[in-house]
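Visitor: quick one, structure for this:
(chains A and B)
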Amino acid sequence: MRLSQLFTKTSKTVPADETAKNAQLLIKAGYIHKEMAGVYAYLPLGLRVLENIKQIVREEMNALGGQELIMTNLQRRELWEITDRWDDAKVDIWFKTQLKNGTDVGLAWSHEEPITAMMKNYIASYRDLPANVYQFQTKLRNELRAKSGIMRGREFVMKDLYSYSRSDEEHQKFYDSVTQAYLNVFHRVGLGDITFVTYASGGAFTQFSHEFQTITDAGEDVIYLDRDKKLAVNQEVYNDEILAQLGLDKNKLEETKAAEVGNIFSFGTAKSEQLNLYFTDEDGKDKPVVLGSYGIGVTRLMGVVAEHFSDDKGLVWPENIAPAKVYLARLGDGAETVKQADELYELLTENQVQVLYDDRDTRPGEKFADADLLGIPYRVVVSEKTVSVGACELKARTAAEPKQVSQEELFKTLGITSQ
RNA sequence: CGGGGUGUGGCGCAGUUGGCUAGCGCGCCGCGUUUGGGACGCGGAGGCCGGAGGUUCGAGUCCUCUCACCCCGACCA
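Guide: Next up is the predicted model:
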């Protein structure tokens, strides 16, 4: 992509009404736009990051045998009344509206009920199970107070996965595999070292749920972490009894702030029974389906990454999710410089390397500052200087100084094998 | 929803005890000089001061109501 054609711009200042670091950086760099409190638009570069994260999640979900679908955002009142979650006293973050004929509808804050009700159409026999379905969906939650930029919005994107199993054993096996898949996701987006499986409140169905907590000051949770065991306990369930049960030594635990980037639940059969989701076993007996629910807040995850991978100059995207791998800065507009920069842009693009080509008529300092602010992993410079020596200049976003490299070395660094 | 704070060109801000054509920086447009870490000069465009009432000869400034936004708390993926 040529920056001269990108409609977004970077900014030297941040809006005064935005204090969350993730939102400040993302707005400054032109990745997102704030529409209202807790509601953000994803601009072209921000969308790329979001899609890159989604793709990683998608690959891990598909590897589990998850099947992607997309539910609706308008939901039926009757469905939520069955499980007693329509009442504002029970769920206080509902957005609700009405059809022209007066029928109440809810705007999706979760999809457990509708998706489970829908599965009744497809699950009748033990032969239909297990079934694991997931989606990337916009969730709408009427939070009393939005905060922390894209880490807690009123509208956000979540990957939600639902598992339907024949037995507790079958469910548990899948549940454990999801745990591993989630760890893979957080590892791949660069947060592996600071994200921990955390015991949290399990709600009405089980003693615990498992959260995936990423250590960050911007987080809203407090966890007690055993680094050796790579396990943590959320403050909400933290007590001596629980620690004993989990075999954790209180003296070894580290208290830290963290952000919940994922949460997985076992529902047992309670919800299936409520919603009448049964299957016929080999023996001809009807049994309720065992249900699990697994979420990753995708936009929140992007916020946590932005929050964590940044310095005083701006964002520092991990390569896996960066909106481009290379920031190609062309300095000067001499004929040969333009020619060589254009050619390098074409060549990299042909080799499947995503490039932000800064072909704008601006001064070098501005280009360097933008390259840093945007947080692109590699900066490549083509200028009169590099043209004259027949090399180009390469600097990793995290490196202090650039170095001169041949095109061969450049390609090698960027992982391009053939030429 | 309780407490605190803020609303003035796209962004960041100033505006005195009410007083004259509402300023400054960034950004934007034009011309010129520049060109390896956000250049400089000259000339421009752009604002009924969040909104509605009110007080006053006169309101960005005072009063009332209202809307929005931010922070702390409670709540929460």
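
Visitor: identify the residue nearest A:G153 in space, chain neighbours excluded?
Guide: Nearest residue to A:G153 in three dimensions, chain neighbours excluded: A:G38, at 4.3 Å (Cβ to Cβ, 6 or more residues apart in numbering). (C-beta placed from N, C-alpha, C; glycine too.)

Visitor: quick one: the one you found and A:G149 touch, right?
Guide: No: A:G38 is beyond contact range of A:G149, at 9.0 Å (criterion: Cβ atoms under 8 Å).

Visitor: please say which of the two ends up with more neighbours.
Guide: Using other Cβ atoms under 10 Å as the criterion, A:G38 and A:G149 rank with A:G149 on top: 27 against 20.

Visitor: quick one: contacts for that one?
Guide: Contact analysis of A:G149 by Cβ atoms under 8 Å, 6 or more residues apart in numbering lists A:E18, A:A20, A:K21, A:N22, A:A23, A:Q24, A:L26, A:Y40, A:G303.

Visitor: excluding sequence neighbours, find me the nearest residue to it.
Guide: That would be A:A23: by Cβ to Cβ, 6+ apart, it lies 2.8 Å from A:G149.

Visitor: so that neighbour touches A:Y31, yeah?
Guide: No: applying Cβ under 8 Å, one finds A:A23 not in contact with A:Y31, separated by 9.7 Å.

Visitor: who has more neighbours out of the two?
Guide: A:Y31 (30 against 26).

Visitor: quick check, pLDDT for the residue of the stretch 301-419 of chain A found nearest RNA strand B.
Guide: Of all residues in the stretch 301-419 of chain A, the one sitting closest to RNA strand B is A:G365 (2.6 Å; Cβ to the nearest atom of the strand). Looking at A:G365, its pLDDT reads 96.

Visitor: show me what contacts the residue nearest to A:G153?
Guide: Taking Cβ under 8 Å, 6+ apart, we find A:G38 in contact with A:E143, A:A146, A:K147, A:R152, A:G153, A:R154, A:E155.

Visitor: swap in A:E254?
Guide: Applying Cβ under 8 Å, 6+ apart, the residues contacting A:E254 are A:Y224, A:L225, A:D226, A:R227.

Visitor: which of the contacts of A:G38 ranks first by neighbour count?
Guide: Highest neighbour count within the contacts of A:G38, by other Cβ under 10 Å: A:G153, with 26 neighbours.

Visitor: next, that residue: phi, psi?
Guide: phi -110, psi 170 (degrees, to the nearest 10).

Visitor: got it, and the one 5 residues further on?
Guide: Its backbone dihedrals place A:M158 at phi -130, psi 140, with angles given as degrees, to the nearest 10.

Visitor: shouldn't A:S388 be within a helix?
Guide: Yes: A:S388: assigned to a helix according to DSSP: H, G, I helix; E, B strand; the rest coil.

Visitor: burial count for it?
Guide: Applying other Cβ under 10 Å, we find 10 residues neighbouring A:S388.

Visitor: then A:K412?
Guide: The tally of other residues near A:K412 (other Cβ under 10 Å) stands at 12.

Visitor: nearest residue to the most centrally placed residue in chain A in space, please, no chain neighbours.
Guide: With distances taken as Cα atoms, centre = their mean, A:V298 lies nearest the centre of chain A, 2.7 Å away. In space, and not counting its chain neighbours, A:V298 is closest to A:V157: 4.5 Å by Cβ to Cβ, 6+ apart.

Visitor: and the one you found, what is it in contact with?
Guide: A:V157 neighbours (Cβ under 8 Å, 6+ apart): A:L50, A:K54, A:F136, A:Q137, A:T138, A:K139, A:G297, A:V298, A:T299.

Visitor: what does the pLDDT read for the first one?
Guide: Read it as A:L50. So, for A:L50, pLDDT stands at 97.

Visitor: shouldn't it be in contact with A:M302?
Guide: Yes: between A:L50 and A:M302 there is a contact under Cβ under 8 Å: 5.8 Å.

Visitor: ok, back up a step: which two of the contacts of A:G38 have the greatest separation?
Guide: A:K147 and A:E155 (14.2 Å; Cβ to Cβ).

Visitor: average pLDDT across the helix or strand where A:Y357 lies?
Guide: Take DSSP states H and E as the rule and A:Y357 turns out to sit in strand A:355-358. Regarding strand A:355-358, the rounded mean pLDDT is 98.

Visitor: likewise for stretch A:221-231?
Guide: The model assigns stretch A:221-231 a mean pLDDT of 95.

Visitor: buried residues in that stretch?
Guide: By neighbour count, with 16 or more other Cβ atoms under 10 Å as the criterion, the buried positions of stretch A:221-231 are A:D221, A:V222, A:I223, A:Y224, A:L225, A:D226, A:L231.

Visitor: just those residues: which are in helices?
Guide: If you go by DSSP state H, the buried residues of stretch A:221-231 have nothing in helices.

Visitor: and RNA strand B, which of those residues contact it?
Guide: Filtering the buried residues of stretch A:221-231 for neighbours of RNA strand B using Cβ under 7 Å from any atom of the strand leaves A:D221.

Visitor: for the buried residues of stretch A:221-231, give me TSV that also has distance to A:R85.
Guide: Putting these into TSV (distance: Cβ to Cβ, whole Å) gives the following:
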residue	distance to A:R85
A:D221	23
A:V222	27
A:I223	27
A:Y224	31
A:L225	32
A:D226	35
A:L231	31
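
Visitor: show me the two of the buried residues of stretch A:221-231 that sit farthest apart.
Guide: Largest separation among the buried residues of stretch A:221-231 by Cβ to Cβ: A:D221 and A:D226, giving 16.1 Å.

Visitor: how about the closest residue to A:Y278 other than its chain neighbours, what does it touch?
Guide: In space, and not counting its chain neighbours, A:Y278 is closest to A:D286: 4.6 Å by Cβ to Cβ, 6+ apart. Going by Cβ under 8 Å, 6+ apart, A:D286 touches A:Y278, A:F279, A:T280.

Visitor: ok, A:D286 to RNA strand B distance?
Guide: 31 Å (Cβ to the nearest atom of the strand, to the nearest Å).

Visitor: got the confidence number for that residue?
Guide: 97.
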